[in-house]
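In: Okay, sequence plus prediction incoming.
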Amino acid sequence: MAVREGYRYCRGGEHVSWPDVIILVPVEQRPALEGRIRTLGRLVPDPVTGCERLYRNGFSYALDLSGRILAEYEPDELDQVTALVGAPYAVHVSCQSMEAARTLLREVLPGVDGLVDTNHFEILPVSGFLGLLARHPEWDWRRRPSTELP
């Protein structure tokens with residue numbers, strides 16, 4: 001399983017990746033998921049990245065609603081996703097911090113039937129991911145896989 005290219009920004013001359021996840025749902029659920037995300041606030045096109053920017057509750061997000069992140073999946077990963085959700089639609093979410101990521105995902109994911117790709121070698125059911133966040137509110141999936149949580 002590969003780590004996919006995340007949104008990058010420059011801090012003091014150093015390129016740093018933002019925490020990111022990929023939300024995967026059946027393609028039929030695309031309108032519902034996009035609608036849920038768009039209700040969070042005005043999405044502003046970012047001509048540099050081709051993504052859309054969302055500023056909410058003091059946090060900044062880069063969102064790619066095009067589904068093109070699926071092109072970065074290895075064939076076996078895509079087979080795994082397809083076996084679980086059928087033909088997939090994906091939203092790539094990059095967040096300025098882990099706090100921002102957890103905040104947005106707690107708002108967007110409840111009631112979503114799909115998967116969360118942590119972009120760090122784990123693809124989890126949405127319900128399982130939210131359960132882990134509830135039990136481990138400060139969980140940083142970039143540094144600690146779910147299998148290492150108590």
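Out: Great, that's in hand.
In: Please count neighbours and contacts with C-alpha atoms only from this point.
Out: OK.
In: what about I123, how many residues close to it?
Out: As a burial measure, I123 scores 20 neighbours (other CA atoms under 10 Å).
In: ok, now which ones touch it?
Out: Neighbouring residues of I123 by CA atoms under 8 Å, 6 or more residues apart in numbering: L115, V116, D117.
In: Recalculate using a threshold of 10 Å.
Out: M1, V21, I22, I23, L24, E77, Q80, V81, L115, V116, D117, F129 (CA atoms under 10 Å, 6 or more residues apart in numbering).
In: Equivalent analysis for T103, please.
Out: R56, N57, F59, C95, S97.
In: In which helix or strand does R142 reside?
Out: Assigned by DSSP states H and E, R142 belongs to no helix or strand.
In: Doesn't G35 belong to a strand?
Out: No. G35 is assigned helix when assessed by DSSP: H, G, I helix; E, B strand; the rest coil, not a strand.
In: ok, it - contacts?
Out: Contacts of G35 (CA under 10 Å, 6+ apart): Q29.
In: swap in the one 4 residues further on?
Out: With contacts taken as CA under 10 Å, 6+ apart, T39 has the following neighbours: V108.
In: How about the backbone phi and psi for it?
Out: phi -70, psi -10 (degrees, to the nearest 10).
In: Same check on the one 3 residues further on?
Out: Taking degrees, to the nearest 10, you get phi -70, psi 130 for the backbone angles of R42.
In: neighbours around it, how many?
Out: As a burial measure, R42 scores 13 neighbours (other CA under 10 Å).
In: I'd like the distance between it and R56.
Out: Relative to R56, R42 is positioned 9 Å away (CA to CA, to the nearest Å).
In: picking up where we left off before, now rank the contacts of T103 by neighbours and give me the top one.
Out: C95 (25 neighbours).
In: For it, give me the pLDDT.
Out: Note on C95: pLDDT of 93.
In: W18 is in contact with that one, correct?
Out: Yes. With contact defined as CA atoms under 10 Å, C95 reaches W18; the gap is 5.6 Å.
In: Output the contacting helices and strands for the helix or strand encompassing G128.
Out: Element membership of G128 [criterion: DSSP H and E] is helix 126-135. In terms of contacts (3 or more CA pairs under 10 Å, 6 or more residues apart in numbering; DSSP states H and E), helix 126-135 is packed against strand 20-26, helix 98-108, strand 115-117, strand 123-125.
In: what sits up against the third one?
Out: What that stands for is strand 115-117. 3-4, 20-26, 81, 84-85, 88, 90-92, 105, 109, 122-130.
In: If anything else comes up later, I'll come back, but that's it for now.
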